[in-house]
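# only geometry, no sequence info:
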């Protein structure tokens, strides 16, 4: 082991004795016991580039991407995002309305309520950025059935998005513009709402599939 270690040095003194602190200028040169092995090690190429995959982005590139995202926010992209949200809302509403005897486990009901309520809050936050009159938030009384409560979140979100689309059309036709920061905030809130709606759609799909399996078993 000693012969193969390029950093091995001879005994430099008694380990039990701590001498006074010395500056670098007073240190004596320490030579490795195997100069050839040490020289070979020092000549090896650096492996730092191998720490990242070939297509990995550098921190500077990531910063550039953030700038590109900021520049990509415009009324056209927000309007397209609004259309996607409306499609997702309609998809979830169809699953709620078209599945007979829709029943949820306790954890499914709580999770769906959390996701759909949060989605609605994000949509209303996007609408608020355009200074729209949103009206009262959807009812979430415990007396409501889960399906009724979920549909109230979705219907209110649908109304708010249609108001956003109408406002964007009005601004565009008057040749006015929104601040990039406002557009970015609207887009972020809509993206968050989109993710929560997509999750809700997947969860509902699982619930409806379980119900269909139970019906087939009973038949």
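Yep, it's here. These numbers were taken from a predicted model, which means no experiment stands behind them. Numbers count the residues shown, from 1 in each chain.

# is it correct that residue 103 is in contact with residue 208?
No. Taking C-beta atoms under 8 Å as the definition, residue 103 is not a contact partner of residue 208, at 10.6 Å. Every C-beta, even on glycine, is put in place using the N, C-alpha and C of the backbone.

# neighbour count for the two, which is higher?
Of the pair residue 103 and residue 208, residue 208 is the one with more neighbours under other C-beta atoms under 10 Å, namely 16 against 13.

# ok, the more buried one to residue 152 distance?
Distance, residue 208 to residue 152, using C-beta to C-beta, to the nearest Å: 20 Å.

# for residue 76, same thing?
Residue 76 sits 31 Å away from residue 152, going by C-beta to C-beta.

# same question, residue 95
Look at residue 95 and residue 152: by C-beta to C-beta, they are 16 Å apart.

# can you check residue 207 too?
Residue 207 sits 19 Å away from residue 152, going by C-beta to C-beta.

# list the contacts of residue 199.
Residues in contact with residue 199, defined by C-beta atoms under 8 Å, 6 or more residues apart in numbering, are residue 115.

# one more time with 10 Å
Residue 199 makes contacts with 111-112, 115-116, 118-119, as judged by C-beta atoms under 10 Å, 6 or more residues apart in numbering.

# what's the answer for residue 82, then?
Contacts of residue 82 (C-beta under 10 Å, 6+ apart): 123, 126, 160-165, 168, 186, 190.
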